[in-house]
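*Asks:* got a predicted structure here, sequence first:
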Amino acid sequence: MLRIDNQNFSSHLLTGTGKFANAGLMSEAIKASGSELVTLALKRIEQAHQQDTTLRELKKLGVRLLPNTSGAKTAKEAVLAAQLARDILDTNWVKLEIHPDPKYLLPDPVETLQAAKALVAKGFVVLPYCPADPTLCLRLQEVGCAAVMPLGSPIGSNQGLQTRDFLRIIVEQSQVPVIVDAGIGAPSHAAEAFEIGADAVLVNTAIATAGDPVAMAKAFRLTCDAALLARQAQLAPSKSQAQASSPLTGFLGAV
Amino acid sequence: MTGIRDIIAKAGSTRLDIDDLAQLLSKEAAQHIELMAATAARLTRQRFGHTMRLFIPLYLSNLCANDCTYCGFSMSNAIKRTTLSMDDLHKECQALKQQGFDSVLLVAGEHERKVGMPYFRQAFAVVSQYFSHIALEVQPLAKDDYAELRGYGLAAVYVYQETYQRSAYDKHHLRGNKTDMQWRLQTPDRVAAAGVDKIGLGVLLGLADWREDALDCARHLRYLQQHYWRSRYSMAFPRLRPCAGGINSEHLVDDKTLVQLICAFRLFEPDLELTLSTREPAMLRDHLMPLGITHMSAGSKTQPGGYADDTIALEQFATSDPRSAKQVCKALLTYGFEPIWKDWQREFA
């Protein structure tokens, strides 16, 4: 069970809403993923949101919406965006995203920490997308974030867990759920995140731009379930050297 | 020297340099156009998904104090001149809102005295009531002016250099402020320094050797990226269109070359936004959709007041895709793309 701010989720797979060919396909893919927590960009929501087809589909699915502040380059803009999203979508949950560099969309740690602090003070449940920096993750936890969302590799790059050594430290130190966000390009990457000890993963590009998004969503669901089951079953330890099945020094007692 | 196929293969995983781009724009590379197109399409889907962002140009005025050989707005052209009143502007905005647009590109000829900052202040006050994303394609302004307009909602500035070749620039810009090539060239620096989110670069294909211009434009882009990492960049490849008093050019670019350019730039910069206007005919636009284009206009009118009143005929150039926005959306969906009307929040400007 994934527990964020006293809310329980049986799915440990978060999904997104961007990059799909149409809203119907997005809806089918999210359904196949089993995801219960779905992020969408405030900047994409039509102000007269009764007409917003994406929102309409999401409401039909009954998932919890996690608006994000994508597009904000500063803490100030992100706080404004979060407040607007709260008004429009009637939720105080926010995925805080501040990436002033439009090329790699890497999160700005300074602005993110500042915005997280301000948003928590305003009563938001803050899930910050952040660099895989263990100290930053501790600081975000200190200011009251409900989870941390360190990146595996740049958004949309499908490069997997390039930050794995730092993710291990984050998982080891974190008192709040660790959701690996960005860069997960294949189900095997998601499995690796759970093996490292992550509580959840967020996947969008790998599903939305797959040849068959619905089948890929299902593949991620099955992989996440399998990886969590494997964690419960406790993996046999791996060793770097062979262990002889017959003792090599057993003869000593016989001499 | 690395082969063209090797350059195509490494695009997306390794950053290409200007020499790589030069090879992708070479005559030899034209033989690999299919492979370039497939790679460009794949990289575009990975970064931008199965989506297409829609915007609409809104012509504020066709007054112009420049004489340029290729433009219907040139001051020496005997056409009827008009500048939208604020009432007219409201009507245009309402007509465009009805079509569904949320991203608007304000366009004007260059007439500093009548269509300068005092006019833009008024226009932004009107336009920002209707649209989230406001872009500007007018005369180059000062940094402080851009910063001020940003406060009213300015999110992007398009300032195409037309040509980077000095001799061609002088040949085609005969009178007016636009003859100052350096002032125009330095405009993106001022836009970036003012903190405007997006800068649109481009050349007008047909004025000079397209390879030289494309490479110079790429150098300009890389320079800007290094100096202004917070800015978003877009590029366009408009081709010369027939217009009142227009020229015949020995540098015209054919369809295959246009495809090569688009694909080469997508391989060169997988994250670059590429814009396609209604200068191009419907069938070509449909085929270009998957190859690298991220932003399209649809149902454009290039005469001031043309949306609220479609009987007016004072166009800057002839458009070639007469389809309405609704028809273009239908085509997008047919080809597997979700039309995106809104992708910006005014609070970010």
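*Replies:* That came through, no problem. Numbering: from 1, shown residues only, chains lettered A, B, ... in the order given.

*Asks:* got a list of contacts for the strand or helix carrying residue B:265?
*Replies:* Remark: residue B:265 resides in helix B:255-268, with elements defined by DSSP states H and E. Contact with helix B:255-268 is made by B:7-8, B:11-12, B:16, B:20-21, B:24-25, B:29-30, B:33, B:36-37, B:39-40, B:43-44, B:205, B:210, B:214, B:218, B:235, B:237, B:239, B:253, B:272, B:274, B:280, B:284, B:288, B:291-293, as judged by CB atoms under 8 Å, 6 or more residues apart in numbering or on different chains. Where C-beta positions appear, they are placed from N, C-alpha and C, glycine not excepted.

*Asks:* which residue ranges of the stretch 151-300 of chain B form strands?
*Replies:* With DSSP state E, counting those that start in this stretch as the criterion, the stretch 151-300 of chain B has strands at B:154-158, B:173-175, B:198-202, B:232-236, B:273-276, B:295-297.

*Asks:* worst average pLDDT in these?
*Replies:* Mean pLDDT is lowest for strand B:173-175 among the strands of the stretch 151-300 of chain B, at a mean of 93.

*Asks:* listing partners with orientation, what would you give for that one?
*Replies:* Next to strand B:173-175 in the sheet, as set by DSSP bridges, lie strand B:67-68 (antiparallel).

*Asks:* so which of the contacts of helix B:255-268 belong to helices?
*Replies:* B:7-8, B:20-21, B:24, B:33, B:36-37, B:39-40, B:43-44, B:210, B:214, B:218, B:284, B:288 (DSSP state H).

*Asks:* return the members of these classed as buried.
*Replies:* Neighbour counting with 16 or more other CB atoms under 10 Å in any protein chain shown marks B:7-8, B:20-21, B:24, B:36-37, B:39-40, B:43-44, B:210, B:214, B:218, B:284, B:288 as buried within these.

*Asks:* give me the subset of the residues you listed touching chain A.
*Replies:* Counting by CB under 8 Å from any CB of the partner chain, nothing from those sits close to chain A.

*Asks:* for the residue lying closest to residue B:114 once chain neighbours are set aside, report the pLDDT, please.
*Replies:* Computed as CB to CB, 6 or more residues apart in numbering or on different chains, the closest residue to residue B:114 that is not its neighbour in sequence is residue B:63, at 5.6 Å. Predicted confidence (pLDDT) for residue B:63: 91.

*Asks:* tell me the spacing between residue B:63 and chain A.
*Replies:* The spacing between residue B:63 and chain A, counted by CB to the nearest CB, to the nearest Å, is 33 Å.

*Asks:* quick one: which helix or strand includes that residue?
*Replies:* Under DSSP H and E, no helix or strand contains residue B:63.

*Asks:* if I look at it, how far off is residue B:73?
*Replies:* Applying CB to CB, to the nearest Å, the value for residue B:63 to residue B:73 is 8 Å.

*Asks:* common neighbours of the two, please.
*Replies:* Counting by CB under 8 Å, 6+ apart, the residues touching both residue B:63 and residue B:73 are residue B:109.

*Asks:* these two: which is more packed in?
*Replies:* Per other CB atoms under 10 Å in any protein chain shown, whichever of residue B:63 and residue B:73 has more neighbours is residue B:73, with 28 against 19.

*Asks:* hmm, that one is touching residue B:67, no?
*Replies:* No: applying CB atoms under 8 Å as the test, residue B:73 and residue B:67 come out as separate, 9.9 Å apart.

*Asks:* need the pLDDT of residue 255.
*Replies:* This is for chain A. So residue A:255 comes in at 59 (pLDDT).

*Asks:* chain B is the one I meant
*Replies:* We have a pLDDT of 92 for residue B:255.

*Asks:* swap in the one 4 residues further on?
*Replies:* Turning to residue B:259, the model gives it a pLDDT of 96.

*Asks:* how far away is it from residue B:275?
*Replies:* Counting by CB to CB, the separation of residue B:259 from residue B:275 is 16 Å.

*Asks:* so residue B:140 lies in a helix, does it not?
*Replies:* No: counting by DSSP: H, G, I helix; E, B strand; the rest coil, residue B:140 is located in no helix; its state is coil.

*Asks:* counting neighbours, what do you get for residue B:17?
*Replies:* 12.

*Asks:* report pLDDT for it.
*Replies:* With respect to pLDDT, residue B:17 scores 96.

*Asks:* ok, the residue nearest to residue B:280 when sequence neighbours are not counted - contacts?
*Replies:* Nearest residue to residue B:280, sequence neighbours excluded (CB to CB, 6+ apart): residue B:320, at 5.8 Å. Going by CB under 8 Å, 6+ apart, residue B:320 touches B:241, B:278, B:279, B:280, B:281, B:282.

*Asks:* how near is the fifth one to residue B:287?
*Replies:* Taken as CB to CB, the spacing of residue B:281 relative to residue B:287 amounts to 10 Å.

*Asks:* same check, this time on residue A:175
*Replies:* Note on residue A:175: its distance to residue B:287, by CB to CB, is 54 Å.

*Asks:* and if you look at residue B:106?
*Replies:* Residue B:106 is 29 Å from residue B:287, by CB to CB.

*Asks:* what do you get for residue B:160?
*Replies:* For residue B:160, the distance to residue B:287 - CB to CB - is 23 Å.

*Asks:* higher neighbour count, the two?
*Replies:* It is residue B:160, of residue B:160 and residue B:287, that has more neighbours when counted by other CB under 10 Å, with 17 against 14.

*Asks:* could you find the closest non-adjacent residue to the more buried one?
*Replies:* Here the residue nearest residue B:160, using CB to CB, 6+ apart, is residue B:202, at 3.9 Å.

*Asks:* briefly note if the host helix or strand of residue B:57 comes near chain A.
*Replies:* Assessed by DSSP H and E, residue B:57 sits inside strand B:51-61. Yes: shown here: strand B:51-61 in contact with chain A (CB under 8 Å from any CB) through residue B:51.

*Asks:* what is the orientation angle of that strand with strand B:154-158?
*Replies:* 80 degrees (axes from the mean of the first three to the mean of the last three CA atoms, to 10 degrees).

*Asks:* what does stretch B:87-98 contact?
*Replies:* The contact list for stretch B:87-98 (CB under 8 Å, 6+ apart) reads B:56, B:58, B:60, B:84, B:104, B:123, B:126-127, B:129-131, B:304-305, B:307-308.

*Asks:* contact partners for residue B:179?
*Replies:* Taking CB under 8 Å, 6+ apart, we find residue B:179 in contact with B:66, B:170, B:173.

*Asks:* in the strand holding residue B:57, what counts as buried?
*Replies:* B:51, B:52, B:53, B:54, B:55, B:56, B:57, B:58, B:59, B:60, B:61.

*Asks:* can you get me a residue count around the closest residue to chain A within the stretch 101-250 of chain B?
*Replies:* In the stretch 101-250 of chain B, the residue found nearest to chain A is residue B:232; the distance is 3.9 Å by CB to the nearest CB. Counted with other CB under 10 Å, the neighbours of residue B:232 add up to 19.

*Asks:* so the closest residue to it other than its chain neighbours: helix, strand or coil?
*Replies:* Distances taken as CB to CB, 6+ apart place residue A:102 nearest to residue B:232, at 3.9 Å, with adjacent residues excluded. Of the three states, residue A:102 takes coil under three-state DSSP.

*Asks:* who are the contact partners of residue A:102?
*Replies:* Neighbour list for residue A:102: B:197, B:230, B:231, B:232, B:233, B:271 [criterion: CB under 8 Å, 6+ apart].

*Asks:* so which of those comes closest to residue A:221?
*Replies:* Nearest to residue A:221, judged by CB to CB, of the contacts of residue A:102 is residue B:271 at 29.7 Å.

*Asks:* quick check: closest non-adjacent residue to the closest one.
*Replies:* Using CB to CB, 6+ apart and skipping residues adjacent in sequence, the residue nearest residue B:271 is residue A:103, 5.1 Å away.
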